[in-house]
Each structure stands twice: as structure tokens, then as C-alpha cells.
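okay, here's the prediction I keep looking at, along with the sequence it came from:
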Amino acid sequence: MNSIKKYLGIVWFCLAPAIIYFLVQGAAANIDLAGKKDINNPLIWIIIISIFTPIAIGFMIFGWYAWKKEYSHLPENSDEIK
Amino acid sequence: MQTKTRQIWKVVTASSVGTMIEWYDFYIFGMLAKTISLQFFPEENPTAALLSTLAVFAAGFIVRPFGALVFGRLGDLIGRKYTFLLTLVLMGVSTFLIGLVPSYKTIGMVAPALVLLLRLIQGLALGGEYGGAATYVAEHAPANKRGLYTSWIQTTATLGLFIALVVILLVKLNMSDVAFNAEWGGWRYPFWISILLVLISIYIRLKMKESPLFEKLKEEGKTSTNPLKESFSHKGNFKMVLLALFGAVMGQGVIWYTGQFYAQNFLETKCNIEFEQSRTILLWAIAFATPFFIFWGWLSDKVGRKWIMLLGMLLAILTYRSIFKTFMEKTDVSAWNTKLETINNQKEIKTYGDSLIVTTTHLNFNTGAKAVMIESVTNNATKIEYKNKHLSSQTYWEFVALVFCLILYVTMTYGPIAAFLVELFPTKIRYTSMSLPYHIGNGVFGGLVPFIGLLLTTTYPSDPLVGLWYPIAIAALCFVIGSIYLSNKIDTNVVD
């Protein structure tokens, strides 16, 4: 199981930039100042991309930690977290 | 023993009532969004429209996680009791004030600016409330009943939605549409009612004592001096924050929103079910499903939290498309193979210029179902739409059962999650550490369900169910991560 945890870390690490890429691509394709729908509104895309970028970075870090076997053993008490 | 039990129920009641009121306050804005935008954010004014977007999107996505950080930090520094008392006051006052802001017609741009500000305060307060309430209850609960007691907190979001639906429905049914939508009309009543609810809740909460675990830490001088730093810059804790978010809360967030908001919106806008039926379907389903929050919370004390939450996600992944497909099929009027009692009994024909003729026909079926058929004929084509569909009694209850299933998944993923999050983090930074992943999971991942749904529907218009791929994909990702990385072990010691 620990090997699966470790190697899946690479998947999570790579998935995060892919998500950002698709969001930016979605913004470029749908922003339309003359459009009436929410997905045409640039402000919404700015909010979503700016809030999702740190989350995606967090996902990369999660993948990195998994790769570094940080999740091979989960802490069983708070002393292990410190 | 009896005194202890009475004490914990006091804690659960005081915490749950306050949290439920906060959810109620947050939801009435969303449910009345159409009326609010007419009153405060007229589309013809681009700045007002911009503020409207900020009010709807920023409040949920940015401010809720930010509120989690601000109040989480405060809760770990000064204590749980005063922090979530503060969030309750902020929420109550801002909600009440929204109901008092004069419209755009009366005070111009000041109106949308004020409403935006108050909406942001609402988001901030909500971000701080949940973590405090869950932590407070968990820190009072005995280890073997932590899931059970915290599950009462978990009912509050759904009950807040339920009360918001009931209050709006009652107000709306007791007056005309004109009276409801007037500048000082009925739509303001749900906001005003909030202040009464909040005052009662403040009174109850003021009588409560601080969390015993936090008190102990305080006495020993072991409280955190910088909870934000300890939560997010210490690798040992930060990795657990990430695990909580990607292995549990992200999936729970999309299931929560899909099972309740997306379902209601789908019934109303895609299936075109009339206002009253689309809401009462949700109300019945919530009423039947809510006890299951408690059941799963109780069960999680016996068998662990992990697999209950993940099973809820798996069921959602496997059945979402077929459930929503059934909604579509059963509301397809052209396929209603039942005899019409009367047809064309109220036919109206309107002609627009010389190219468009619109015929409205009220259809009544012998099953009790009704629909309005709108036939638009232009020079080149004929388009038929069915609106205001009223389902037959049998279909209505079938829909209640299906929405019940959707909310049952919500109860499975959401019921045990408070206990799960509390057990993941140490006392001194618990409020901060659990609040952030919770509000990112629910506010961002969950809050994006309608937007991404719209994005997918616009990109792939041939599939009306395409919007479901977003919650299915997120829940599937979360299911994989949760299955592999999470532990099912119940941490009996949350005193550390």
C-alpha cells in the first residue's frame, strides 16, 4: 500500500498544473464582454483562478509529500504532528 | 452521570441552534438572489452588476475560507465560546441589516455597495462559525459518542436550508407576487426574522462555558501563540490539512451541493417543475433524510468514520447520472402517454410582428399532471417548450424518493465528518486547522458546482446531464485519495 501511496503522488503532482491549465483555457474560451452568462464574466474567472491556484499548489504539495512517503504512517497522537 | 448527559445536551443544543441560524441567514440571500438583484443590482448599471457578481461569488469562495482563518486563529487564541458568539452576532446583525437597506431606486449605488459589504460579513462569519461549533461540541463529548454528538452540528446546514425554504415559501404563499417583490415587500421578512432567532441563540450561548479542553490548555499556558503558523507552516500538521481537504472534505462538499442546491435547480430549470412542487419535493426529502445525519454519526463511533464517508461518495458516483436522467425522462411531457382530460381549454395566441406566433396551451392529464405548452412558430421553424409542469402524485413521490437518496449520500459524507476533522488535529490549533479545509471543500469545491455545471453545459450542449461530471469527478478523486491515504482509526484522545 505504501508503494501505491508513493507512486500516486506523481499523479497528484502532475494533475494540479493540468487543472490550472484547463481553467485558464476555459477562461480564454468563454470570457466574452458582450456575453450575458456567468461564464462570460471575466471577474468570475479571475476570482475562480485566483482561488484555485493556491489550492492546486496545495495539491502539488500533497503529491510531493505522498512521493516523499510522508503519508506512509499517519500520526496517532498530536506529539507526532509537532 | 445524568448531570453530565444533561450538560452535553445543553452544549449540543446551544451550538446547533446557533449554527443552524447562521446557515439559514446565509441561504436566504442565495434563495432570494433573483429578487435581491432586482432591488439592489440592476443589470442596466454595469457597476451594480459587477458588485452583484462579487456578492454572489466572492462571499462564498474567498471570504468563507478567509473567515475560517481569521476566526479559527481567534478561537485558538482566546477560546471557542467567545469566537463563535462573535460570528453569530456578526451574522445576525448583517442579515438583519440587509433587510433594512433601501433599494437602488431610493439610494442609488450606496444600496449595492452596502449589500455587498453585508454579504461579505455574512461569508466571513460563516467561515468562523462551523469550526467553532464542531470543535466545541467534540471537546465536550465523551470519546465513544463523539460522532453521535457532533452529528447534531452536521444537521444544521441542511436544517438551515429547510427553514429558509419553509419561511420563504410561507411568506410567498401568503401574498401576491407583486407584494412579495415590492421594495419593502415580503422578501425582506426572512431577513428580519433572523434577528429574533439570533437573539435567542445569543442568550443561550452566553450561558455556556468555555470548552474544558481549551480551558485546561489555557491554565497550563499551552495555548498556541501563532495558530496560523503552527497549522500551515509545520509540515506535520500541514500535511494533515491537505489530506483532510483532498481525501474527505472536497468530495463531501460537491456531494452536499449537488444533492441539495443542484438538484433543486435542476428540477426547476431543466425539468421545469413548478415553483411549489420543486421546493416541496426538496422539503420532504430533507425531512425524511435528516435523521440519518445522526444515524451515520452514531454508526461512525462504532465502525469508524472513513468508510461511511467514502461509501456515500461511491454511491453518488455510481448513481448520480441515472437519478438525474430519471428526473429528465419523467418530466418529458411529450412522453407522458396518458389521456388528456382537457386540451387546449385555455389557448392563448400572441403574434409578434409578422414572423413569430406564440401559442400557449394549458394541458391537464387524467393522472393529475399539468403543464403549459408554449409553441413558438417563426418563418423557419416551430419550437415547443413545456413550462410550469405539475407532476402527478405518483411521480411527485418518486421524485421525493430520488431526492431523498441524493440527500442520504449527503448525510453519509457529512454526518461523521466533524468528528473526523476534530480527531485529525491537536487541541491548540484545532479550530484553525479544521476550519480551512472545511470551507475550501464546501465553499470552493461545493460552491463551484453550479458554475462548472453551466460551463460544461455550455461547452457540450447536447448532453443535459454533462454538468454532473464535475461533482462525479471530484467525488471520484476524493474517493481514491481517501481510500488509499486515510485511516479508519478513531482517535479516542482529543485532549492532546
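Done, it's in.

list the contacts for B:Val56?
Going by C-beta atoms under 8 Å, 6 or more residues apart in numbering or on different chains, B:Val56 touches B:Gly30, B:Ala33. C-beta here means a position set from N, CA and C on the backbone, and glycine is covered the same way.

and it, that's in a helix?
Yes. Looking at B:Val56 with DSSP: H, G, I helix; E, B strand; the rest coil, it is inside a helix.

how many residues are close by residue 52?
Using chain A here. Residues contacting A:Phe52 under the criterion other C-beta atoms under 10 Å in any protein chain shown number 20.

chain B, not that one
Neighbours around B:Ser52, by other C-beta under 10 Å: 22.

where does the stretch 201-350 of chain B dip in pLDDT?
B:339-350 (pLDDT under 70).

what residues does it put near chain A?
The stretch 201-350 of chain B comes close to chain A at residues B:His234, B:Lys235, B:Gly236, B:Asn237, B:Phe238, B:Lys239, B:Met240, B:Leu242, B:Leu243, B:Leu245, B:Phe246, as judged by C-beta under 8 Å from any C-beta of the partner chain.

so the fourth one touches B:Phe425, yeah?
The reference is to B:Asn237. Yes. At 6.9 Å, B:Asn237 and B:Phe425 qualify as touching, with contact defined as C-beta atoms under 8 Å.

list the contacts for B:Thr395?
B:Lys330, B:Thr331, B:Ala369.

find the residue at the geometric middle of chain A.
Closest residue to the average C-alpha location of chain A: A:Ala56 at 2.2 Å, with C-alpha atoms, centre = their mean.

ok, for it, nearest residue in space, not its chain neighbours?
A:Ala16 (4.1 Å; C-beta to C-beta, 6 or more residues apart in numbering or on different chains).

repeat that for B:Gln7.
What sits nearest to B:Gln7 in space, not counting adjacent residues and going by C-beta to C-beta, 6+ apart, is B:His140, at 7.4 Å.

so is B:Ile357 in a helix, a strand, or just coil?
Following three-state DSSP, the label given to B:Ile357 is strand.

how near is B:Thr19 to chain A?
24 Å (C-beta to the nearest C-beta, to the nearest Å).

count of neighbours near that residue?
31.

one more: B:Glu210?
Neighbour tally, B:Glu210, other C-beta under 10 Å: 16.

that one is in what secondary structure piece?
Secondary-structure assignment from DSSP states H and E places B:Glu210 in no helical or strand segment.

what's the answer for the one 4 residues further on, then?
Assigned by DSSP H and E, B:Phe214 belongs to helix B:212-219.

can you pull the contacts of the residue nearest to B:Gln7?
B:Gln7, B:Ile8, B:Val11, B:Tyr149, B:Ser211, B:Pro212 are the contacts of B:His140 under C-beta under 8 Å, 6+ apart.

that one and B:Ile153, how far apart?
Using C-beta to C-beta, to the nearest Å, B:His140 is found at 12 Å from B:Ile153.

again with B:Lys34
Look at B:Lys34 and B:Ile153: by C-beta to C-beta, they are 31 Å apart.

how about B:Phe214?
Taken as C-beta to C-beta, the spacing of B:Phe214 relative to B:Ile153 amounts to 17 Å.

of these two, which one has the most company?
Ranked by neighbour count (other C-beta under 10 Å), B:Phe214 and B:Ile153 place B:Ile153 first, with 26 against 23.

how about whichever residue of the stretch 301-450 of chain B sits closest to chain A, phi and psi?
In the stretch 301-450 of chain B, the residue that lies nearest chain A is B:Pro426 (3.5 Å; C-beta to the nearest C-beta). Note on B:Pro426: backbone dihedrals following degrees, to the nearest 10 are phi -70, psi 150.

neighbours of it, just the number please.
Neighbours around B:Pro426, by other C-beta under 10 Å: 24.

please report how far it lies from B:Pro227.
10 Å.
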